[in-house]
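*Asks:* predicted model and sequence follow; I will ask about them next.
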Amino acid sequence: HAGMDCVACHTDIVDAKEAHQKAANVAKPDCASCHVQLWDEAKKNNQATAKERLGVVVQNVDAYKASFHARPDADYPDRPKATCSQCHATHEFAVPKAGTPERDQWRMTIPKSCGESCHEEQLEDFETSVHGELVMAKSDPKGAVCTDCHTTHEIVGASSDPFKLKNVQACGDCHEEELHSYRDTYHGQVNRLGYTYTAKCADCHGSHGIKASDDAESPVHPDNRLKTCQKCHNDKKPGMVTATAGYVSFGPHANTHDFEKYPRMWIVGRFMEALLIGVFAFFWLHSGLWYYREWKERKERKAVPHVRTEAMGIVPEKHFRRFPWGWRIAHLAFALVTMTLVLTGTAALFAD
């Protein structure tokens, strides 16, 4: 914007005096309508390809208009809950290029931008969380900020299903290993199918005030875990029973490659891998040697009977039906059931 004239936005100013006179019935500067107008002109003049970034801004404008922020404010119904200038600043608007140190520094100002203007309680919780300590106390850009979970322009209500589904993936963008282990559980598989009634990251770990698992205030601390489970697993909900002490033995992020945390899972995983490899290796070796023997015997033109039919009283000229109809139907049913299980299981496992 540094190359623009002031009056390009302030079209209501009609003089060059210190106390500006403003024309009546002229709209105040509006970021959204200005960018949309510029984009319409670019498309009309066949410049859309050259001004691709402007198109992204217009997409953000459309996302904002459908967002929670664009709704009328409860205290001031004539204006939205949040406007462009509240987040981007009016005159020094600038979002540094991604991947630069300047972008990291700008990103760490986001919690204060959101918290100090509107979301004070959430900011207080965030400051004491593991994410907040990284960002606000240690100035570490690796910590999550508001926009990592809530996105930037397409803000939706945190109680809505679209947000809950996207929020799990947002956590997984940083915590990939935990997302994979969560997806292996019943909770995660139901969530991946598009339902939100099972436990999600925030249900167990909290949202803004997330603590480390060994913190006494954390919902997933061993002393608090049963109470956390009982938020969902209680007899007040249809079809549920109150969680007992055995529930806390469940490992929602258990996996077979972390021996330090899950030694039994690691041992079982290695055993199953060894068993699988051993069985296949044995039978591949057995079949390979068998085929080699047959190839060698055919090359030498040998006809070695592997089954002595004379000793069994079988006449070679006669033919025998190996399986009666019952066995054939059973084998067919088994094959169809197995293939159906493979197809439906694969669809559930890779629902995304």
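*Replies:* Nice, thanks for sending it over. Residues are numbered from 1 along each chain as shown.
*Asks:* and residue 43, how many residues sit next to it?
*Replies:* 15 (other C-beta atoms under 10 Å). C-beta here means a position set from N, CA and C on the backbone, and glycine is covered the same way.
*Asks:* over to residue 258?
*Replies:* Using other C-beta under 10 Å, residue 258 has 14 neighbouring residues.
*Asks:* angles on the backbone of the nearest residue to it once chain neighbours are set aside, please.
*Replies:* Leaving out its chain neighbours, the residue that sits closest to residue 258 by C-beta to C-beta, 6 or more residues apart in numbering is residue 266, at 6.8 Å. When read as degrees, to the nearest 10, the backbone of residue 266 gives phi -60, psi -40.
*Asks:* contacting residues for residue 266?
*Replies:* Contacts for residue 266 (C-beta atoms under 8 Å, 6 or more residues apart in numbering) come out as 256-259.
*Asks:* and residue 13, backbone torsions?
*Replies:* Dihedral pair for residue 13: phi -80, psi 130, per degrees, to the nearest 10.
*Asks:* what's the local residue count around the closest residue to it other than its chain neighbours?
*Replies:* Distance criterion C-beta to C-beta, 6+ apart; nearest residue to residue 13, sequence neighbours excluded, is residue 20 at 4.8 Å. Here the number of neighbours of residue 20 (other C-beta under 10 Å) works out to 11.
*Asks:* residue 91 versus residue 20, what's the distance?
*Replies:* 15 Å (C-beta to C-beta, to the nearest Å).
*Asks:* what's the answer for residue 51, then?
*Replies:* 22 Å.
*Asks:* looking at the two, which has the bigger crowd around it?
*Replies:* residue 51 (16 against 9).
*Asks:* unless I'm mixing things up, that one is touching residue 42, no?
*Replies:* Yes. Between residue 51 and residue 42 there is a contact under C-beta atoms under 8 Å: 4.6 Å.
*Asks:* overlap in contacts of those two?
*Replies:* With C-beta under 8 Å, 6+ apart, residue 51 and residue 42 have no common neighbours.
*Asks:* mean confidence score for stretch 242-259?
*Replies:* Averaged over stretch 242-259, pLDDT sits at 91.
*Asks:* quick one: low-confidence parts of the stretch 251-352 of the chain?
*Replies:* 352 (pLDDT under 70).
*Asks:* and the helices in it?
*Replies:* Using DSSP state H, counting those that start in this stretch, the helices of the stretch 251-352 of the chain run over 263-299, 325-349.
*Asks:* arrange these in JSON lines, one row each, with distance to residue 100 as further columns.
*Replies:* As requested, the helices of the stretch 251-352 of the chain are exported to JSON lines (distance: least, C-beta to C-beta, whole Å):
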{"stretch": "helix 263-299", "distance to residue 100": "41"}
{"stretch": "helix 325-349", "distance to residue 100": "40"}
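*Asks:* how about the ones you listed, which one is nearest residue 71?
*Replies:* Taking C-beta to C-beta, helix 325-349 is the member of these nearest to residue 71, at 37.4 Å.
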